[in-house]
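Engineer: Sharing a model prediction with you, sequence too.
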Amino acid sequence: MRDLWTEFEKFDKDNPVIWELIQRFCKSVLDAGQTKWSISGIFERIRWEIYVVTKSKDDWKINNNHRAYYARKWLAEHPEYPKFFEIRRVRGSNGHSFGEDGQGNLFV
């Protein structure tokens, strides 16, 4: 059985450029005056940046399974924007639940 949380942790550690791009693109959204955005939109912007702008020829993939975890990571590091990403409950294969406690607090 797949452990999505563990897969995310490894991917995040092995690919720090993804976190750097998430930070950069979220800042761009905020600088444009938007207070809410979609982690899916950020992921597609990352793909655009890597394949179109930098013209990377690497056999590199970013798994959509990581979106929920990156959104939570960003929200945890930016508590001043608690509703920037809409968070829903995520059930990992390791039995952990990820989501909000009803008062807007993230839990793992």
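Structural biologist: Alright, I've got the coordinates.
Engineer: Look up the closest residue to residue 37, ignoring the ones flanking it.
Structural biologist: residue 29 (4.7 Å; C-beta to C-beta, 6 or more residues apart in numbering). Every C-beta, even on glycine, is put in place using the N, C-alpha and C of the backbone.
Engineer: How much space separates that neighbour from residue 19?
Structural biologist: Going from residue 29 to residue 19 by C-beta to C-beta, to the nearest Å gives 16 Å.
Engineer: likewise residue 86?
Structural biologist: If you measure residue 86 against residue 19 using C-beta to C-beta, the figure is 20 Å.
Engineer: neighbour-wise, which of those two wins?
Structural biologist: Shown here are residue 86 and residue 19; by other C-beta atoms under 10 Å, residue 19 has more neighbours (15 against 11).
Engineer: At the geometric centre of the protein, which residue sits there?
Structural biologist: The residue lying closest to the centre of the chain (C-alpha atoms, centre = their mean) is residue 70, at 2.4 Å.
Engineer: Just give the closest residue to residue 86, not the sequence neighbours.
Structural biologist: For residue 86, ignoring the flanking residues on the chain, the nearest one in space by C-beta to C-beta, 6+ apart is residue 36 at 7.4 Å.
Engineer: what do you get for residue 67?
Structural biologist: Leaving out its chain neighbours, the residue that sits closest to residue 67 by C-beta to C-beta, 6+ apart is residue 39, at 4.7 Å.
Engineer: Just confirm residue 2 is within a helix.
Structural biologist: No. In this structure, residue 2 is coil, not part of a helix, as judged by DSSP: H, G, I helix; E, B strand; the rest coil.
Engineer: residues touching the residue nearest to the centre of the chain, list them.
Structural biologist: The contact partners of residue 70, taken as C-beta atoms under 8 Å, 6 or more residues apart in numbering, are 8, 12, 18, 19, 22, 39, 42.
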